[in-house]
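A.B. asks: Everything below, folded, please.
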Amino acid sequence: MTAHQTHDVLTQPVPSAPCLSPSIAHSSPDVCASLLTTTLDGRTEALVLSIGNPITIGRNPKLCVRSGAGGIIISCQDLSTNGIVLNGHKIRKTSSILMHGDTLKIPASQAFQCVLNSRNLPATRLHNAISQPHAFKDLGRYRVTSHCLGTGSYASVHLALDTSAHRQVACKIIRRKPGNDLKKELKEATLLTSLHHPNINRVYSFDYDPQFLYIMLQLSTGGDLFTYITNHPRRRLREGEAKYITFQMLKGLQYLHDRMISHRDLKPENILLHSPGPYPRIQIADFGLARPRAYEETLHVCGTISYLPPEGVRALENKNLGYVGMPADCWSAGIVVFAMLTYAHSLGLARRLLITPRTDYAMQR
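C.D. replies: Numbers count the residues shown, from 1 in each chain. I've put the predicted structure just below:
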């Protein structure tokens, strides 16, 4: 989206009532959110967003895409020279995520309030978003917000702001276990801080207190690869696009393996899209099970069974058998390629059949 010092012409304006209601301008079932603004003559207008269809402020688009958690991601990319102001903080030359209630302002021009369609928010979260101010926690140059982007079995990911670099980041918050070795808890963060590759989700910084470990990660605003595949209009990716994504995935794996690091949980859910749109730039993410000295055989099986190599599956039932992380990553990469080129409903069926309560071996055997 381009911001100008002069007043921009708003495209696709939809007249609406002045009340800031979540249901405003949501007459179409495809609408996932709206941006509310007040024009110079005092009228309230709404710009509506639907999945896959951008709207324009100035000359560049704003998109909403599906989230892996089932909700909606509103992605906003600033391509201007003077930046934009998001909730009072300047954002420049980067993609950002808009959440319900966020205020977006073009300098010397109009301000917009993001209102998500109530269908895309659980009732409790919608109530909290409307009635309560956003909570936050300051960690040095980073401000961690209460906006949760996703949760897992042992961690949650929150939206955060890097106030010095004028960009949003993702903050992975891991609850520390009493008596655990801090060095072991910091394994993922320390392993990744030295890695710099366009197809690896970057770690900027990390911090901790007696209760939590905080890892500041590069923010990807396009969702994950599994959601991208299953929501694709053709229900699978075109060969050219799958080839482009595979090339990036293998470049990222080569970078890791050259440094003797194995990921050990490579799957579409752990491959992020840097920004929305076709032929996306991808980033390998979630290194909680990664292992250095990956050329060595290990007896500790971990990962997701649907993407494990045969020797890994056999080792699940036989504690005397082991497997090597780097070849396992290559097998998993092949399954990811298969997933991109097969029909989404077949992929979903396989996912339901293969992923049982025993399949995610996040804890070492």
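A.B. asks: What ranges does the stretch 151-300 of the chain have for its strands?
C.D. replies: Along the stretch 151-300 of the chain, counting by DSSP state E, counting those that start in this stretch, strands occupy 155-162, 167-175, 203-208, 212-218, 261-262, 271-273, 282-284, 291-292, 297-298.
A.B. asks: Of those, which is nearest Phe112?
C.D. replies: Ranking the strands of the stretch 151-300 of the chain by proximity to Phe112 (Cβ to Cβ) places strand 167-175 first, at 16.8 Å. C-beta coordinates here come from the backbone N, C-alpha and C atoms, glycine included.
A.B. asks: if we can go back for a sec, rank the strands of the stretch 151-300 of the chain by pLDDT, which is bottom?
C.D. replies: For the strands of the stretch 151-300 of the chain, mean pLDDT drops lowest on strand 297-298, to a mean of 84.
A.B. asks: Now do that strand: distance to the chain's middle.
C.D. replies: In terms of Cα atoms, centre = their mean, to the nearest Å, the gap separating the centre of strand 297-298 from the centre of its chain is 31 Å.
A.B. asks: Report all helices and strands that it contacts.
C.D. replies: Packed against strand 297-298 by the contact rule (3 or more Cβ pairs under 8 Å, 6 or more residues apart in numbering; DSSP states H and E) you find strand 323-324.
A.B. asks: Mind listing the strands the strand it packs on pairs with, and their directions?
C.D. replies: strand 297-298 (antiparallel) (DSSP bridges).
A.B. asks: as a whole number, average confidence for the following helix or strand past the strand it pairs with?
C.D. replies: Remark: after strand 297-298, the chain's next helix or strand is helix 310-317, criterion DSSP states H and E. Mean pLDDT, computed over helix 310-317, is 88.
A.B. asks: Go ahead and produce PDB holding the CA coordinates of helix 310-317.
C.D. replies: Provided in PDB are the C-alpha atoms of helix 310-317 (Å, rounded to 0.1, in the frame of the first residue of the first chain):
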ATOM      1  CA  PRO A 310      10.700 -45.700   6.900                       C
ATOM      2  CA  GLU A 311      13.700 -46.000   9.300                       C
ATOM      3  CA  GLY A 312      12.200 -43.400  11.500                       C
ATOM      4  CA  VAL A 313       8.800 -45.200  11.600                       C
ATOM      5  CA  ARG A 314      10.500 -48.500  12.400                       C
ATOM      6  CA  ALA A 315      12.500 -46.800  15.200                       C
ATOM      7  CA  LEU A 316       9.300 -45.800  16.900                       C
ATOM      8  CA  GLU A 317       8.600 -49.300  18.000                       C
END
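A.B. asks: Tell me the buried residues in that helix?
C.D. replies: 311-312, 315-316 (16 or more other Cβ atoms under 10 Å).
A.B. asks: Equivalent analysis for stretch 189-206, please.
C.D. replies: Buried residues in stretch 189-206 (16+ other Cβ under 10 Å): 189, 191-192, 195, 197, 199-206.
A.B. asks: Nearest residue to Tyr307 in space, please, no chain neighbours.
C.D. replies: Leaving aside its sequence neighbours, Tyr307 sits nearest to Ser332 (Cβ to Cβ, 6 or more residues apart in numbering; 4.2 Å).
A.B. asks: and that neighbour, how many neighbours does it have?
C.D. replies: 26 (other Cβ atoms under 10 Å).
A.B. asks: Distance to Gln168 added to the buried residues of stretch 189-206, as TSV?
C.D. replies: Below are the buried residues of stretch 189-206 laid out as TSV (distance: Cβ to Cβ, whole Å):
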residue	distance to Gln168
Ala189	19
Leu191	23
Leu192	19
Leu195	21
His197	21
Asn199	20
Ile200	19
Asn201	14
Arg202	14
Val203	15
Tyr204	11
Ser205	14
Phe206	17
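A.B. asks: hang on, the earlier thing: which among the buried residues of helix 310-317 gets closest to Leu49?
C.D. replies: Checking these against Leu49 by Cβ to Cβ gives Gly312 as the nearest, at 42.3 Å.
A.B. asks: ok, now which ones touch that closest one?
C.D. replies: Gly312 makes contact with 301, 303, 323, 328, according to Cβ atoms under 8 Å, 6 or more residues apart in numbering.
A.B. asks: would you list those residues in CSV and tack on neighbour count?
C.D. replies: Output for these, formatted as CSV (neighbours: other Cβ atoms under 10 Å):
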residue, neighbour count
Val301, 24
Gly303, 26
Tyr323, 23
Ala328, 25
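A.B. asks: quick one: low-confidence ranges for this protein?
C.D. replies: For the chain, residues meeting the criterion pLDDT under 70 lie at 1-29, 39-41, 52, 54-63, 68-70, 118-134, 343-365.
A.B. asks: If you count residues, where's the longest helix of it?
C.D. replies: helix 239-258 (DSSP state H).
A.B. asks: quick revisit: same list, the contacts of Gly312, but as TSV with distance to Val337 please.
C.D. replies: Putting those into TSV (distance: Cβ to Cβ, whole Å) gives the following:
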residue	distance to Val337
Val301	23
Gly303	17
Tyr323	20
Ala328	15
